[in-house]
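*Asks:* what follows is a predicted protein model with its sequence.
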Amino acid sequence: LDTLEDDQYAYRQKINCYYPFHDEGDWELGKFLVENLTQTQITKFLKLKWFNNHARPSFTMKDKLLDWMDSLPCFTEWKVSKIEFSGYKTVHPIELIWRNALEVVKQLFSDPIFANHMTFDPHRVNVGDQCEYRDYMSADMAWKSRCDHLPIGATQVPIILGSDKTPIMQITGGLKMHPIFITIGNIDSEVCSKATLQAWHCIAYMPISKFHVHLDYQSILQARLWHKCMDLIFANLKATAAEGCFMTDPFRYICCVFTPLHTLELLVDIAKTVDPWDLNKFQKAAKALNLSGVHMPYWCDWIYACPSVFLAGEILHTCFKFFADHPLEWVKEAVGAYKLDSRFIIQHKWVGTRHFMKGITHVKQMTGREHQDIQCTIITSIAGAVPPEFICAICALIDFAYLTQNPVHSPQSLQAMTQALSDIHSFKNAIIAMEARKGKKGVKDNFFIPKLELMQSFEGTIRRLGTLMQFSADTTERLLITHCKDLFPWTAQQSKDFTEQCVHILNRQESMEIFNLYALLTSRGVPLVNAIHAEDEEITTTNPALSWVSHILPDEVKSVHGPQPVHNHFLKGILSGDTLTTFQLNVTPDYKSLSLAEIRMKYALPDFDHALTDFIHRSSLISVEHTHWDPKFGCFQTWNKFQLQLHSAFQPRVIMPSRVVQVYLPSDNFPLGNCNTVLVDGPGTDGNMSMFIPYVRALLILYPARSDLKLPSSLSDPLLYVQFFRFVSHPEECPELMMWTVEWSGMRNMTRAYTHGKNGNCHREGAVVQVTDVTHAVELIPDYGKAVDKSMSSATCLESYEHFFLNNFADKESYHAF
């Protein structure tokens, strides 16, 4: 940012930080108009009669406003280059919109926003006697580059590129292009994985041209065009990889930097014997060696660059898209569409988890998000409907997909990945035996699937480059929305000068973004260097701009865009005894001043009186107060839900978003109540600490009915009325699922789930526990057996079935914990 101090108007901005605008309000209005209105709309706005009685902005015409915006400094300007292929003509001229990649890397490397989220040297993370793999700088390749290729004292800036083949626009005449994005491996992967945090910059809009040649040669020419454009864009970066250059880091220190990405010789060998521009012969020779036919790939002169290394394993397509294209199709064939849909339809609804109300087989197009949602419950959904060996094969695939997403890897997790992949091949014959793998020509008896073979490389990639999540195409696809969607609607949609319009708009957008932060800091007298601050004990945000501004200008945090921090309930919530869990209730209860009888009636809990009395008795025995309390002297407030928050199982300093636990009373839509299950670690009826899975039926706080009465401290925390499940089998006893199995039980007698009331009706036995005994929100999926009971629904399945699976695939945190 300090480079803006060398701008031609810097001397004026020392007097007025928002020059050429009159003040901050003037700047914000101008920025809003340019970002949200077309030029015609801006003109109409400035001509409103409203300004006859109100002060006009310092810009009175849209041309003046746009000229002022264009006069703002821009770090790396965009430009247009015309590309030609001798002997081959295209339908439209080839125009590449791009900017200097080296200058963009310098901007990222020196950006003060990322100062506290960057790593400059390779390091090892050891837990005990074992090495952990996290970002690139903790992996083997970073150490190899430093020891084998770089001069002493040099800094490596790993280049990470992203591109999406999907065209982002199509205007008059069918002109198409798609973007190229860049970031650096020095920035923390948690930051790079969020598209809105500006750690990725777009450096080119790649033309997708149609050549006047036979259809057989379109793809090879388009591939060569792509590589030629990439060679132009990255020419300076390749020179820096070989010779190095000097860059300023976020703290204004000068670093000697190298940008390393072994090349393949096969293409060179073909080109010695076959003319590369004799497309027919060269393409045949290349295909014989499983090559694309691009004789000069852009990375061929990028020193130390090897495709087997820099083409990292990609989770979105190799795991999630693979799951949708293959395992999900095998499941549909083996189980049947109707039976599979019915198992998804009647699953209990959980807040934060997608419920497929119409099933999954009718969905024609799915996103990666939907693929993940199906993976969460697919194993428990097919239990009992297919042979155990078939489940083992699918379960191994889901295990592998979950393990690859770990933000931190250890030798044990890598071994588990290898074992999961081995299990896939050990049990794949069960899929063939059920004739579940089919193609256009019928049943297939092989597993020749390229993506399945690609999974073999994941372990090596993690050891060399770090976790795979930092290279996920999820981010790239999101970048199309955050970085590109606002560009093309502002053009005049005319092919004649379309690229010039794009360049103009791109430069203006970057200038406005940079100037906005610069003016904010200088107007408040804040240094442009982001000083290193002590690491927070607990992390609630990965937004570096928000983190910086919150430290230096706490009152301006609302002006920072991007992901907002996770609400930290550990600060004011109700803490568990071990302080690992916190609970949050709404300030206002959903029901106030209820009596014992009203709770019995509203919540349909006939044994509530007895359960509460039993809890009070047990509490008095272990309490130093030894105070007895009669429930009839108290009133109750109840809530329909509460929030539970934990730290990450992978990174204990990171606070996870809270989970909602529902405790709704019976209604017309939910005749038995809409409630959830949790994991409780607390005293049992015998006084010993035990772990239970209860179904939470009521959440309440007891308070004295009269002001002269005082509650014992053991009754001051919120209480839960619960009905218990008991564990009936260990994961090792059900190896195809590797899940705990539970069934309904009673509290006082763990083998009996029901008791009889005074009126003779049978009901489940319950108990009262403290909310602070809860450790996790958990998901139970019914054991459907061979067929689903047609009388069941998502509103009644938890109450109606007897046996359930503790779903450890509910989310990545649950998978790691269980």
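*Replies:* Nice, I can see it.

*Asks:* could you look up the SS state of the residue nearest to Q770 when sequence neighbours are not counted?
*Replies:* Distance criterion Cβ to Cβ, 6 or more residues apart in numbering; nearest residue to Q770, sequence neighbours excluded, is D717 at 5.2 Å. In short, each C-beta sits where N, CA and C put it, glycine included. The three-state assignment at D717 reads coil, by DSSP: H, G, I helix; E, B strand; the rest coil.

*Asks:* wait, D717 sits on I574?
*Replies:* Yes. Contact criterion Cβ atoms under 8 Å: D717 and I574 qualify, at 6.5 Å.

*Asks:* quick revisit: please name the residues that touch the residue nearest to Q770.
*Replies:* Counting by Cβ atoms under 8 Å, 6 or more residues apart in numbering, D717 touches I574, Q770, V771, T772.

*Asks:* check contacts around C376.
*Replies:* Here C376 is in contact with T353, N807, F809, A810, D811 (Cβ under 8 Å, 6+ apart).

*Asks:* before we move on, back to that, can you list the contacts of D717 in a markdown table and add distance to K602, pLDDT and secondary structure?
*Replies:* Converted to a markdown table, these look like this (distance: Cβ to Cβ, whole Å; pLDDT from 0 to 100; DSSP: H, G, I helix; E, B strand; the rest coil):
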| residue | distance to K602 | pLDDT | secondary structure |
| --- | --- | --- | --- |
| I574 | 24 | 91 | strand |
| Q770 | 22 | 90 | strand |
| V771 | 19 | 91 | helix |
| T772 | 24 | 91 | helix |
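
*Asks:* neighbour count and distance to T499 added to the residues you listed, as CSV?
*Replies:* Listed next are those as CSV, based on neighbours: other Cβ atoms under 10 Å; distance: Cβ to Cβ, whole Å:
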residue, neighbour count, distance to T499
I574, 16, 59
Q770, 21, 66
V771, 23, 61
T772, 20, 63
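
*Asks:* of those residues, which is the nearest to M792?
*Replies:* Comparing those against M792 with Cβ to Cβ places V771 closest, at 29.6 Å.

*Asks:* isn't the closest one up against Q584?
*Replies:* No. Using Cβ under 8 Å, V771 makes no contact with Q584, being 10.5 Å away.

*Asks:* joint contacts of those two?
*Replies:* Residues touching both V771 and Q584 by Cβ under 8 Å, 6+ apart: I574, F642.

*Asks:* what residues do D717 and I574 have in common as contacts?
*Replies:* Common neighbours of D717 and I574 (Cβ under 8 Å, 6+ apart) are V771, T772.

*Asks:* how far away is H504 from P718?
*Replies:* Separation of H504 from P718 (Cβ to Cβ, to the nearest Å): 60 Å.

*Asks:* with G162 instead?
*Replies:* With Cβ to Cβ as the criterion, G162 and P718 are 47 Å apart.

*Asks:* can you tell me the element L700 falls in?
*Replies:* strand 689-704 (DSSP states H and E).

*Asks:* neighbouring strands - and their directions - for that strand?
*Replies:* When pairing is defined by DSSP bridges, strand 689-704 lines up against strand 634-639 (antiparallel), strand 677-683 (antiparallel), strand 719-729 (antiparallel).

*Asks:* D26 is nearest to which of those?
*Replies:* Of all the strands paired with strand 689-704, strand 634-639 comes closest under Cβ to Cβ, at 48.3 Å.

*Asks:* then that closest one to CSV, C-alphas only?
*Replies:* Output of strand 634-639 as CSV, limited to C-alpha atoms (Å, rounded to 0.1, in the frame of the first residue of the first chain):
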residue,chain,number,x,y,z
GLY,A,634,-40.5,-23.9,41.6
CYS,A,635,-41.6,-22.7,38.2
PHE,A,636,-40.0,-23.4,34.8
GLN,A,637,-38.9,-21.5,31.7
THR,A,638,-38.4,-23.6,28.6
TRP,A,639,-36.7,-23.2,25.3
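
*Asks:* the helix or strand following that strand versus strand 677-683: what angle between them?
*Replies:* Downstream of strand 634-639, the first helix or strand assigned by DSSP H and E is strand 641-646. Relative orientation of strand 641-646 and strand 677-683, computed by axes from the mean of the first three to the mean of the last three Cα atoms, to 10 degrees: 70 degrees.

*Asks:* what are the contacting residues of the next helix or strand after strand 641-646?
*Replies:* Counting by DSSP H and E, the next helix or strand C-terminal to strand 641-646 is strand 659-664. With Cβ under 8 Å, 6+ apart as the test, strand 659-664 has contacts from 351-352, 638-645, 670, 673-676, 678, 696-699, 720, 774, 777.

*Asks:* who wins for proximity to I152 among the strands paired with strand 689-704?
*Replies:* Of all the strands paired with strand 689-704, strand 677-683 comes closest under Cβ to Cβ, at 53.0 Å.

*Asks:* which parts of the closest one count as buried, going by neighbours?
*Replies:* Across strand 677-683, burial judged by 16 or more other Cβ atoms under 10 Å covers T677, V678, L679, V680, D681, G682, P683.

*Asks:* what of stretch 517-532?
*Replies:* Using 16+ other Cβ under 10 Å as the test for burial, stretch 517-532 gives L517, Y518, A519, L520, L521, T522, N530.

*Asks:* same question, stretch 305-324
*Replies:* In stretch 305-324, counting by 16+ other Cβ under 10 Å, buried: 305, 310, 312-316, 318-324.

*Asks:* also stretch 597-607?
*Replies:* Of the residues in stretch 597-607, I599, Y603, A604, L605, P606, D607 count as buried by neighbour count, 16+ other Cβ under 10 Å.

*Asks:* what's the offset of it from the middle of its chain?
*Replies:* The chain centroid and the centroid of stretch 597-607 are separated by 42 Å under Cα atoms, centre = their mean, to the nearest Å.

*Asks:* do stretch 725-735 as well
*Replies:* 31 Å.

*Asks:* and if you look at stretch 800-815?
*Replies:* 22 Å.

*Asks:* got a pLDDT number for W98?
*Replies:* W98 is assigned a predicted lDDT (pLDDT) of 92.

*Asks:* give me the nearest residue to it, chain neighbours excluded.
*Replies:* In this structure, W98 finds its nearest non-sequential neighbour in A204, 4.0 Å apart by Cβ to Cβ, 6+ apart.

*Asks:* swap in K632?
*Replies:* L596 (6.8 Å).

*Asks:* distance of the one you found from P712?
*Replies:* L596 sits 18 Å away from P712, going by Cβ to Cβ.

*Asks:* look up which residues are beta-bridged to Y703.
*Replies:* Y703 has these beta-bridge partners by DSSP bridges: C635.

*Asks:* how near is it to C392?
*Replies:* Y703 is 53 Å from C392, by Cβ to Cβ.

*Asks:* which of the two has more residues huddled nearby?
*Replies:* C392 (21 against 14; other Cβ atoms under 10 Å).

*Asks:* list the buried residues of the helix or strand harbouring that one.
*Replies:* Element membership for C392, per DSSP H and E: helix 388-404. With burial defined by 16+ other Cβ under 10 Å, the residues of helix 388-404 counted as buried are 389-404.

*Asks:* average pLDDT for the next helix or strand after that helix?
*Replies:* Remark: after helix 388-404, the chain's next helix or strand is helix 411-433, criterion DSSP H and E. Per-residue pLDDT over helix 411-433 has a mean of 93.
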